[in-house]
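[1] Return a 3D structure for these sequence lines:
(one chain, ligands or ions: 1)
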Amino acid sequence: MASKRPKVDFSPEAILREIRKGKELFNSINSLKSNLSVKKVSELLRLRCKENDIDAASLLSLMFGFDMVSWVMATIQHVPRVFSRRKNSCAKIIFEIANKLCQEKHLSLPVVDEMVKYIEEFVPELNVLETQQTRFEDALSSLNGKDGVNYGGFIAPPVEDCMLRGTVLTSPNALSSCTLYTVNGPKPCTNLSLRCQGCKVSYGRSMTHYSSGNASYYPKEIIRKDNLVEVTNVVYMEKKLYRWIPSLINHCFVSFEDFSISYNEVYCEEIKNNFKSACDALEAGKKSSQNQIAGFSNDFINVDVLMDDGTPDVDVPMICDSADDIISGINIAS
Ligand SMILES: [Zn+2]
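    Below you'll find the model as predicted:
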């Protein structure tokens, strides 16, 4: 039996009534917005300081826009308050940065100063740059592996449609795990590959693979925009990190085996946090768990070696043969 749906009135009167309601709501929001001022809202908040039912940051966003408020908040965290000891240079520095970030708003120093004082008084705990970033990263770490998905990063082909026929690409293969090496340590990521059912071409992050067995890189204009380098289909590297490799080869005579040890030493905390279950298993001596380690390739991990603090000595794939291919095949955008 078909389920009963609530009846919707499509008569012209009903439609006009809905439009009118929407207009009234919009007008009342605009009128509230034009009546708000930092001074008035501050007084109101001071009167109701013991009640938590007013979101001070939202009111400020209604007056100045969310974008501008978040930039000012980020700027406040960037400039230590103690700079105000030097001829009140704190306010001037904050104004210069906020003004640069929100040029279209034509800000003045008194307006920015008013916002800064409001934020410091009513939303001092809202730390956009650090707390939010850390909370975000912590949430991603804790979700890693849930339903077979790694949340550290999502790696997808740079195109949605077939480059030969323009047809919509499909995703016949399950999502796979991979590791992305970044300038902030390695991250477990999820990889999506696409395929054209018509020409049987597979689309990866950096290359297209043909049914003949041949493969090719994407056109230069696509590669230049990409911020990653594909080392293998389970190992990726940020270009920011990759840039170090040719430079170190040219100037520093680096052993890349030792460089990978340094990388793992510097980012041992990140490795512990991002690959927690894998590290726990290794510490407990369960070597057989290596196959369950999302994104860690046996080619790049030496499970027999543990560092002094118990973290696995993971070889960063900078010493693999394909590094030469990357150097010659990819034109790093400068
Ligand atoms: Zn195609």
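
[2] List the buried residues for the helix or strand containing Arg135?
    Following DSSP states H and E, one finds Arg135 within helix 130-143. Neighbour counts over helix 130-143 (16 or more other Cβ atoms under 10 Å) mark 137, 140-141 as buried. (C-beta placed from N, C-alpha, C; glycine too.)

[3] can you list those residues in a markdown table and add pLDDT and distance to the ion?
    Shown next, in a markdown table, are the buried residues of helix 130-143 (pLDDT from 0 to 100; distance: Cβ to the ion, whole Å):
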| residue | pLDDT | distance to the ion |
| --- | --- | --- |
| Glu137 | 85 | 38 |
| Leu140 | 89 | 34 |
| Ser141 | 88 | 38 |
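
[4] quick one on the thing from earlier: the next helix or strand after the helix holding Arg135 pairs with which strands, parallel or anti?
    Later in the chain than helix 130-143, the nearest helix or strand by DSSP H and E is strand 154-155. Looking at strand 154-155 with DSSP bridges, its partner strands are strand 185-191 (parallel).

[5] Now do the partner strand against helix 130-143, angle only.
    Angle of strand 185-191 versus helix 130-143, following axes from the mean of the first three to the mean of the last three Cα atoms, to 10 degrees, is 60 degrees.

[6] Output the contacting helices and strands for the helix or strand that strand 185-191 is followed by.
    Using DSSP H and E, the next helix or strand after strand 185-191 towards the C-terminus is strand 194-196. Counting contacts by 3 or more Cβ pairs under 8 Å, 6 or more residues apart in numbering; DSSP states H and E, strand 194-196 is packed against strand 201-203.

[7] got the contact list for the strand it packs on?
    The contact list for strand 201-203 (Cβ atoms under 8 Å, 6 or more residues apart in numbering) reads 157, 159, 162, 164, 169, 193-196, 208-211.

[8] Now do the next helix or strand after it: which elements does it pack against?
    Sequence order places strand 207-209 as the next helix or strand after strand 201-203, per DSSP H and E. Counting by 3+ Cβ pairs under 8 Å, 6+ apart, the packing neighbours recorded for strand 207-209 are strand 201-203, strand 215-217.

[9] any low-confidence regions in the stretch 201-334 of the chain?
    Low-confidence segments of the stretch 201-334 of the chain (pLDDT under 70): 285-334.

[10] Which stretches in it count as strands?
    Along the stretch 201-334 of the chain, counting by DSSP state E, counting those that start in this stretch, strands occupy 201-203, 207-209, 215-217, 228-232, 235-238, 301-306, 312-314.

[11] Tell me the strands beside the second one, with direction?
    What it means is strand 207-209. Strand 207-209 is paired, per DSSP bridges, with strand 201-203 (antiparallel), strand 215-217 (antiparallel).
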